[in-house]
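In: Let me see the structure of the following:
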Amino acid sequence: MKKINVVCGVIVEDNKYLITQRGDSKNLNKWEFPGGKVEPFENIFDAIKRELKEELSIEVTPIKKLLEYNYKEYNLCFIECALGSNKIILNEHLNFTWISKKEFEIYDFLEGDNIFINSLLTKP
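Out: This is a model prediction of the structure:
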């Protein structure tokens, strides 16, 4: 079975990470790093720019791929991004917030994000 390629934006400002809360019925109220599916023939950096513009009305500049791994039917790619000056407007999510590393355990994340979160928490 072919994996579904998904990009996840990792935006950090003042040592706080941007996370968003899902509003779809399958993952209602779960938290995630915002992003979405990579379109055919689209590279990961173009995909993360498009997805964050669609979902949050923000402009980002992709910096680098942080981590990539398979989770169930997905190939997840976490990309560090610099935030432009746009105000966040929720087009698909219920909520967003900025959290520090020590706050990750408070939020109920999508299972697929946990490997990435663990990698963040083990780094100094």
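
In: what about N95, distance to E73?
Out: As judged by CB to CB, to the nearest Å, N95 and E73 stand 26 Å apart. C-beta here means a position set from N, CA and C on the backbone, and glycine is covered the same way.

In: Revised request: answer the last question for N27.
Out: Distance from N27 to E73, by CB to CB: 14 Å.

In: more neighbours, these two?
Out: Counting neighbours by other CB atoms under 10 Å for N27 and for E73 shows that N27 has the greater number, 14 against 11.

In: Could I get the phi/psi values of the nearest residue to that one once chain neighbours are set aside?
Out: With sequence-adjacent residues excluded and distances taken as CB to CB, 6 or more residues apart in numbering, N27 is closest to L110, at 6.1 Å. In terms of degrees, to the nearest 10, the main-chain angles of L110 are phi -60, psi 140.

In: got it, and K2?
Out: Torsion angles, degrees, to the nearest 10, at K2: phi -70, psi 140.

In: Model confidence score at it, please.
Out: Looking at K2, its pLDDT is 86.

In: What separation is there between it and P40?
Out: 11 Å.
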